[in-house]
Every structure is written in C-alpha cells, then in structure tokens.
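Colleague: Got a predicted structure plus its sequence, pasted below:
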Amino acid sequence: MIFLKFDRRIFHYFDWLLLAFVLTICAIGVLNIYSTGFSASEGQIPLYLKQIQWIAIGLIFMMIIFFIDYRVIVQYAYVIYGISIALLVLVFIFGYASHGSQRWLGGGFFAFQPSELMKIVIIITLARYFDDHKSSESYKLKELLWPLLIVAVPFVLILKQPDLGTALMLMIIFISIVFFIGVDRKSLIIAITSALIFIPIGWSFLKDYQRERLITFLDPENDPLGAGYHIIQSMIAIGSGEIFGKGFLSGSQTQLKFLPEQQTDFVFSVFAEEWGFIGALILIILFMVVILWGLKIALQARDLLGTITAFGVTAFISWEVFINIGMVLGILPVVGIPLPLFSYGGSAMLSLMAAIGLLMNVSARRFILQR
Amino acid sequence: MEKKYDQLKGQEPAEFRPKIKIVALLFLIAVSVLLMRLGYLEIIKGTEFKKKSENNSIRFRQIRSLRGLIMDRNGVVLVDNRPSFDVLYVPTKNKGNELSVEKLKELYRGKSLEFSYDQSIPKDAKLYLPIKLDKNVNMEKVALVETNALNLPGVYIDVSPIRLYLDGEMLAPVIGYTGEISEEDIEKSDDKYAYGDVLGKHGLEKYFDDYIRGRSGAELVEVNVHGKEIRNLGVNKPVSGYNMVLTIDADLQKAAWQAMEGKAGSAVVLDTRDGSVLAMVSSPSFDPNLFNNGISNEQWNELQNNPFAPLSNKAISGLYPPGSTYKLIVAAAALEEGVITPDTKVLCRGSFTLGNRTYRCWNKHGHGYVDLHRAIVESCDVYFYTVGKMLGVDTIARYAKLFGLGEPAGIDLPGEKSGLVPTKEWKLKRKKQAWQMGETISVSIGQGFDLVTPLQLANAYSAFANGGTLWRPYLVKYIESADGKIYKEFLPEKKGELRLSPKTVEVLNSALWGVVNEPGGTGHAASLPGIDVGGKTGTSQVLGLPADEKARRRKILGAFQKDHALFACFAPVKKPEIAVAVILENAGGGGAVAAPVARKILSAYFEGKKKDRHPRTVAQNLQMDKLDKLNN
C-alpha cells in the first residue's frame, strides 16, 4: 500500500503558509465568538472554549488526512461514501432534532451532523468517478447521470431533515465540479431545461419556513417580521459598525441580542459591527488568500485526481464564504450556511479541517512522483 | 494498482490552467461585489444605521389571536374573549427608569391597591424584555398608570385578549380552560407555537385547539430609548380562530347543573336519535376564568388536592361499578341467548348461595317468586344471580361490549376512559388467576370488576332506547368561520348495532317503564306526568377504591363510605328522544337520590321543547369589539 511507503519529503513540502492563514481565521473566529458570549451568563462551557476544542480536534483530523496520500483516500471514496450515506440514514431513524430539524447523531459533546461531512465526501467521490472515467472531450449528459445520482441521494436525505442550506451546498459543489471538468453544450441546455421543470416540483417539497425564506429573499417587503427581521437586524449591525467598528465586545446589536444566530449564521455581522469596514475587509482578504491558494494548488497538482480534489475543496469553501457573507449583507437569501472556519460548529469545523487537509495533501505531493 | 495513476489518458492537469484562471477571475468579481455592498452599508449608509442601532430600535411584538367563540346548539355564546390589561415594565439603558417601579408601588399603596410584583427589578434584567408587574388589572389600575404615565418611564399597559367563560363552572370540565404555552410544549411543537401563545389545556379547548386557536400575529415597531413606539414597520395581522357550535343545549345544561349542584358526580344527557350530547355535568366543578392569566399556586393546589376532583370530567373519566343499571344488559343477553323466557320465574328468599358463600339480595326479606318483569321493576338481585350464572361471564361480556361498554365511547374530548368489561381471558392475563364462579355472580348485578363511565352508561341506554343503534357521542356540531360560514361539520356516526329481537325489546321496554311507573318500582322518583319514562336504578358498592384513598375520603367526608347512586333512563318510551344517566358519588340509593335528579333533567327537557327558540344569529365578539374601539 502506498501510505506505508512513508516519504519524508512531504514535510519538506508541507504548506506552512496555508496553515498559518487558516489558523489566523480560526483565531479571529474564536475571539469573535467570545464576544457573542460576553453578555451571556449561563453555567455551561462557553462556546468559544468549545470552538477551541473543535479546532484542536480538527487539526488532528487534518493531519491524519494529510499523511494518507490523497490517491489512497480517493481509492476508498466509494466505501467512505457508502458509510456516510448510512450515517445520514441513521440520522433519519435515530437522530435527534434541534430547531425543528433532525440532523444530529450521538449526544453531548459527540453530537455531530453527518450532513456536514457529506460535503467533503461528495468531493472525493466525484473526484474518484471522474478520474475513473476520463475523457478528452466534454462530458455528455448520459455520462453525468451516475455523478448526478451520487449527489442526489444525500441531497434528498439532507433536504428531508430538513436542511436546505447544506442540501443546496451539495448541489452547488456538484455543479461547480461538472462545469470545471467540462460539459457538452447540448447537455447543458437539456440540464437547464430540466432544472426549470424541477424547480416547481422541488418547491412542493420545501417546508413552509423554507418557502417563506425564499419568498422573503425575493420580496423582503413581504415579510418584515420573520426572516426579514433577521436581515434587517444584520444590516443594522453591519452598517452601524461604520469604518472602524464599535470595538471588541461593544457591538450593541450583538450584545443586546438584537442580532439572531450570532455564533453561527450571522457571525460575520458581529465581526463587522465590532471591527467595522476595515476589520471586515481584512477578514475577506484572508479568505481570498486561502481560496486563491487553493486554486493554485489545483493548478499545480501532479494529476487529474489532485486537480479535481483541490478544485472541489476550494469551490466548496469559496461558495460558503460568498453565500454566507452575501446573506448577512442582504444580497442573498437566508439559507443556513455558516461562514467557514469562523462560525461556531463542531461538525462544520471538522469538515473544513478535512478540506484543508486535502488541499495540503495535494499540495505536498505535487513533486513526489510515483512510479 | 499504482500503475493506473501513471497512465494518464484524456485530460492533463495543465489543460485546466485557463479554466482556473477564469474561476479565479469570477471569484475576484464575487469578492468585489461583497466589498462594494459592505462599503455601501458601512461607509455610505453607516451613519444612518448607527443611529438606528443607537435608538435601538426595532422590536418584535406579538399580537395574540382571538380564540374562536364557543356556542351552544342554539347560538347562545358560552365562551367569549375579553381584553385583559397587564402592567409591564420594559428595562432600558436609561438610568433611573427602574425607579418607576418603586413609584408605581407608592401610587398603588396610596390607593391601597394590591401590587402583585413584590421583588425589585433584578440588576441583570435583560434589556427590552418586558417584565409583567401586574396581571389582568382592573380599570382603576389602568387609569392610575395612564394618568401618571409621564412620571413612570418604562411602565406600560399592555392589552391582550383572554378567555371569558360566561357560564363559569357550569360546563368547565367539558370546555376546559386555556393557558400560556409552557416552554416544554414549545420545544416539542416544531415551530408551530411561539412564546406567549395561549392554547387549550383541557377539554374541548384542548381537543379542538388547532381550530379555535387561530394564528397569532406580530408587528415590528421602532422604539425610542424609552421603549416608546415611534414607528410601525410592519404588521402580520393575527388570524382569529374558528367558532365552535356545540350540541349542548345551554338551558338544559343549566337545569342539569342546578339539579346536580352540591353533589359529587356526573349527569349525561344524550339525544338518542343521533348521539349528540345535550348536557354533560361533572360536579363539583371549577371556575375556568381562574386559569386565564395564570392561576396562583394556592388555587391550583386547592383544585388538585380536592378529593372530589373538580378538574376532571367525571362524565368521561369517572369509573363506577354500574350496579343494577347493568341488569338491562344481563336481561337482554338472557332473553337473546334463550336461557330464560319472560315467564321464567325464580324464587328469591333474600339471598343466593353458591358453594359456601351467600350473596344477598338488596331486599333481605326476599321478593318471593319473580318473573323477569318483576325482577327488573323491583331490581331483584337473586333473579339476576341465577340468570348470570346460567349465562356465564363471557356471554355477559359479549353483550356488554355490544352496548358499547369496555371501550371509549369515542367522544370528541381528551382523556376518555374505556371502563372495564371483565372476561375469563382478561382475568387470566391481568391478574394471572382463573375466573371464579362467584365473580360471575357479582358481575351479573354490575358489581365486582365491572366499571363504566357515566357517558358509556347513557350511551348504552340510548342505544337500547332508539331501537338498537349505538352512536358515537359527540359534542361539537360544527366549526364555522367568524362570519358564520361552516368550515367543518360533524355528522352522527354509527358505532354499532344491538340487533335485539323485537320481542326482547318489547319485554324490556315494558319492564323499564315499570321501574318508573308501576307500584313497587325502584325508580318511581323519576316519573313525570304526561311523559312515559323508562329507566333503571342502580346502587353500587364502593369496594374498588384502594384502602388509602378510602381512608382519605372518609376523613374528609367524616362519614363511612356510602354507596354510589345511579339512574339511567330514556323518554318517551314509545318514541325516545333523550337518554339520561346520573351517577352520584357516595350518595346512597339510586332510586332515592339519583332518580329525582334525572327527573329534574327530563322535566327541563320537555318544558324547554315547548318554548320558542330564537333564530340563530351570527355571534359576535362583542367584548373584543369594545377593545378595538379602545385601541383606535
């Protein structure tokens, strides 16, 4: 097996700079979460400490993934995929609900959401599929049916939880990868047409609150209370930060709890309120660097597998960043997508650390030639 | 396996170079869109938003929906809504506001009014989260707060609708009551409810909550630093609940309630023609208005610990041995199974011996030779011991189940009990013991393991009276929208058929008539001039109660445990319209105590029929209309 032939050169090529950027984002995130919990007075472990624990566990996870050659990992992609689907089914049967949707497995500290992990699993599974089915021409619709099925199964399972944000994320990852490897123009037209037919059908599957959110996005005036309230509060928080921010622990929107979901979906609003335009700009630049770095890794990968994997991971992170920030800025609908590395959340942190691990993996092995 | 990776066919990573460049470009465009938006919000609009966040600003206010009205079958409003005024304090960053509470306390004291919020405002009170200082206050207090509003920054009067139970305790165990949702229920409800929602907690209010609750609305208001509303940013109007029209006849209900007043027990009046419930009394009762704004602990404990269980609806959850009212079923079984004819005679010497045990007849001197008719009229126990022994417990049980006993009658209320019809199999399963013949003897006069609810008893007699149709009893005729359009109608529902032979029916009808109208009949106290009433008395021994419960009741009653008094009847015998079951706890003999109550109810029903009914009008939320005017 390849991973037994341990190659010391991978230390040499270890991407310290990427790790530094990632940890910087995580650290700012912890400070930010600390701020949201500042006015809370509960007897539990503060969220920022929990987040630190998750980052630590995530780093271990990342290192494990880094050490196993990505070609080996991808070789087991279908097995991992099968296990993940099984976990999603388990969630369906045994999982417990929180905030009206059933997406958790286990309990206490070990509660986790298999749906978060699914995002990474989808990337490596698709990488494996497209590597197995190389083609010098663009892919036709017929050739894309299998990959579509690979995504459709977890998509439906997650949509049923219901977790619209994560389900859509899977679709977006899929579409990004397919576009990237190239798709036949005729197939594209057919795909778009069938998507237009699918939308009304999909609409009927949505829960009332999910529909409300989409309607609210299309027409915010329609509902200034429900989800519109969240957006209004978020925009007030961000806007009132002005250029230099209100200062650490001093965001009134945050501290007075006008801002909803502060530790998760609206974490960026907290940061922008307290650190202003300058702070937010720096944070966005940090994300930008990580993402461009990821694209560079995809470009320099030594084989197709590495390229697809690195690209998939980068696409996943960049979409989440874009959708989350766009959402809190009021230019995208409120769908539950956290800000990568920054929002509170154990499962999300693990899947992101795994993602970074994969990037480093591809990056470090680009010079190591396999016979 | 490793080789595979070297045989790169098709695409090479290098081919992706231009694509990745495009992706990077797209990404940079996306980022600049975000940055532009960010700059717009934080730099261009910054000052404006800052002001908004300082004024602080936008608040969410729930608007309670109006619960549907509840009316009787003739449109008489039984449950309305009324405005309730609460005194609130809203903590703000404004220093010194918390003194308002002290000032208010002073004002109250000046008028020697009671101030219910006795602690001081906690230091860490959540900002902008209202604290209820005084609930459901009268007009005097409202006026006091309003006239001193300027001196009381942070103190407001909040108006919301609450239930008004016009008939108080008369129907309380049936209608139930409402209360604010508990945190536990919110967790369970999957986004269906919100904090502060009011929902039905008992009885019809609970069973039909989804229809009558309506949907609470909310408004978004901009407030100033004092918490005073400056601007309304949007309203989701609350949606009123559906109105509910009951099968209950308020006049008859009132008569039945008055007939039962001061007694513990239950009375049920059914329309034999469709199974609708005309009256349902459970006594003692409680004042449901107490629950409107949160009941005090003392009051709650008092209701909970009352040995007469005022909160429970005894008509559906009280379990009693049916006593001699059960004889109708045993007699029907005996005739149908052919173990006796109407002429079969049994000698009653006042007791019945089985093995070495003696079973007494209520008349210790004995009834002499009695046929079935006399046995029912005079309620001879020995006759039924003899017949019951011939039938066996399982045959009796089969007929009891035909009459709807041993399973919930299926009424539209939560918490209905199923009672108990014992069989040999049941005893083996539950008690792990074989059935004893002696137990059959007890069962044949409705004692022993037999248990029925007053509703089941009324329904069984109704089924017999109407020629054999066992209806599903129901309380709600229809549910309609506020403007009187019918939304959902409940129709009579057949549950089963007795299928007794006409001969059996004739013989038993005559006997039940005799109970009330013939000399020596035990139910003479229920006779009504001009109306043929048929019925059966029952006096059931209270053996089933656990020892500690008995002791507890004995202590409170100050007397030895008395028998339950029962009477079940229907009228007119020839063309029945109503069936009545009355059960009085620990009251004595059925004929002496329960039959007179039944008589009053029957009399009220037939008197009421003579009166003119007003045509039904669309009921209005009169009380709340006043509130609307008050608000505008």
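Modeller: Ah, there it is.

Colleague: can you tell me how far B:L457 sits from chain A?
Modeller: Distance, B:L457 to chain A, by C-beta to the nearest C-beta, to the nearest Å: 44 Å. Every residue, glycine included, has its C-beta placed from N, CA and C.

Colleague: residues contacting that residue?
Modeller: By C-beta atoms under 8 Å, 6 or more residues apart in numbering or on different chains, the contact list for B:L457 reads B:V268, B:P322, B:T325, B:L566, B:A568, B:A581, B:I583.

Colleague: What remains of these if I keep only buried residues?
Modeller: B:V268, B:P322, B:T325, B:L566, B:A568, B:A581, B:I583 (16 or more other C-beta atoms under 10 Å in any protein chain shown).

Colleague: Need the single longest helix in the chain, by residues.
Modeller: As the question left the chain open, I've gone with chain A. When chain A is parsed with DSSP state H, its longest helix is helix A:267-300.

Colleague: The chain in question should be chain B.
Modeller: For chain B, the helix with the greatest residue count under DSSP H is helix B:17-39.

Colleague: Contacts for that one next, please.
Modeller: Under the criterion C-beta under 8 Å, 6+ apart, residues A:180, A:238, A:272, A:277, A:280-281, A:284, A:288, A:291-292, A:295, A:298-299, A:311, A:315, A:318, A:322, A:325-326, A:329-331 lie in contact with helix B:17-39.

Colleague: give me the subset of those residues touching chain B.
Modeller: Contacts with chain B within the contacts of helix B:17-39, as defined by C-beta under 8 Å from any C-beta of the partner chain: A:180, A:238, A:272, A:277, A:280-281, A:284, A:288, A:291-292, A:295, A:298-299, A:311, A:315, A:318, A:322, A:325-326, A:329-331.

Colleague: Tell me the spatial nearest neighbour of the residue in chain A positioned nearest to chain B, not counting adjacent residues.
Modeller: Closest contact between chain A and chain B, by C-beta to the nearest C-beta, is at A:G239 (2.7 Å). Leaving aside its chain neighbours, A:G239 sits nearest to B:F49 (2.7 Å; criterion: C-beta to C-beta, 6 or more residues apart in numbering or on different chains).

Colleague: and the angle from the one helix or strand the one you found maps to to helix B:17-39?
Modeller: Per DSSP states H and E, B:F49 falls inside helix B:46-55. Helix B:46-55 runs at 60 degrees relative to helix B:17-39, counting by axes from the mean of the first three to the mean of the last three C-alpha atoms, to 10 degrees.

Colleague: and helix B:46-55, average pLDDT?
Modeller: For helix B:46-55, mean pLDDT is 79.

Colleague: about what we covered before: okay, buried residues for the longest helix of chain A please.
Modeller: By 16+ other C-beta under 10 Å, the buried positions in helix A:267-300 come out as A:267-277, A:279-281, A:283-284, A:286-288, A:290-300.

Colleague: Output the contacting helices and strands for it.
Modeller: Contacts defined by 3 or more C-beta pairs under 8 Å, 6 or more residues apart in numbering or on different chains; DSSP states H and E place helix A:267-300 against helix A:16-36, helix A:226-240, helix A:252-255, helix A:304-328, helix A:346-364, helix B:17-39.

Colleague: Give me the helices and strands touching the shortest one, please.
Modeller: In this structure, helix A:252-255 makes packing contacts with helix A:226-240, helix A:267-300, helix B:46-55, judged by 3+ C-beta pairs under 8 Å, 6+ apart.

Colleague: need the helices for the stretch 51-200 of chain B, in chain order.
Modeller: Under the criterion DSSP state H, counting those that start in this stretch, the stretch 51-200 of chain B contains helices at B:99-110, B:139-147, B:172-175, B:183-188.

Colleague: With only the CA atoms kept, save the first one in CSV.
Modeller: Listed in CSV are the C-alpha atoms of helix B:99-110, where the atom choice follows Å, rounded to 0.1, in the frame of the first residue of the first chain:
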residue,chain,number,x,y,z
LEU,B,99,-37.3,53.8,40.0
SER,B,100,-40.6,53.8,38.1
VAL,B,101,-41.4,50.5,39.6
GLU,B,102,-41.0,51.9,43.1
LYS,B,103,-43.0,55.0,42.2
LEU,B,104,-45.8,52.8,40.9
LYS,B,105,-45.7,50.8,44.1
GLU,B,106,-46.2,54.1,46.0
LEU,B,107,-49.1,55.0,43.8
TYR,B,108,-50.7,51.7,44.4
ARG,B,109,-50.2,52.0,48.2
GLY,B,110,-51.8,55.5,48.1
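
Colleague: just the angle between that helix and helix B:139-147, please?
Modeller: Going by the same axes, to 10 degrees, helix B:99-110 makes 140 degrees with helix B:139-147.

Colleague: ok, back up a step: buried sites along the helix holding B:F49?
Modeller: So for helix B:46-55, counting by 16+ other C-beta under 10 Å, buried means B:G46, B:F49, B:K50, B:K52, B:S53.

Colleague: Surely the third one touches A:E242?
Modeller: Yes. The pair formed by B:K50 and A:E242 meets the contact definition of C-beta atoms under 8 Å, at 6.0 Å.

Colleague: what's the angle from the longest helix of chain A to helix A:16-36?
Modeller: Using the same axes, to 10 degrees: helix A:267-300 against helix A:16-36 is 170 degrees.

Colleague: Distance check, B:G179 against chain A.
Modeller: Distance from B:G179 to chain A, by C-beta to the nearest C-beta: 23 Å.

Colleague: ditto for B:K431
Modeller: 38 Å.

Colleague: Also B:N459?
Modeller: B:N459 is 40 Å from chain A, by C-beta to the nearest C-beta.

Colleague: Check what pLDDT that residue gets.
Modeller: Here the pLDDT value assigned to B:N459 is 96.

Colleague: Counting neighbours, what do you get for it?
Modeller: Counted with other C-beta atoms under 10 Å in any protein chain shown, the neighbours of B:N459 add up to 31.

Colleague: pretty sure it is in a strand, no?
Modeller: No. Counting by DSSP: H, G, I helix; E, B strand; the rest coil, B:N459 is not found in a strand; it is helix.

Colleague: What are the neighbouring residues in contact with it?
Modeller: The contact partners of B:N459, taken as C-beta under 8 Å, 6+ apart, are B:L270, B:G275, B:G404, B:A409, B:L470, B:W471, B:P473, B:A579.
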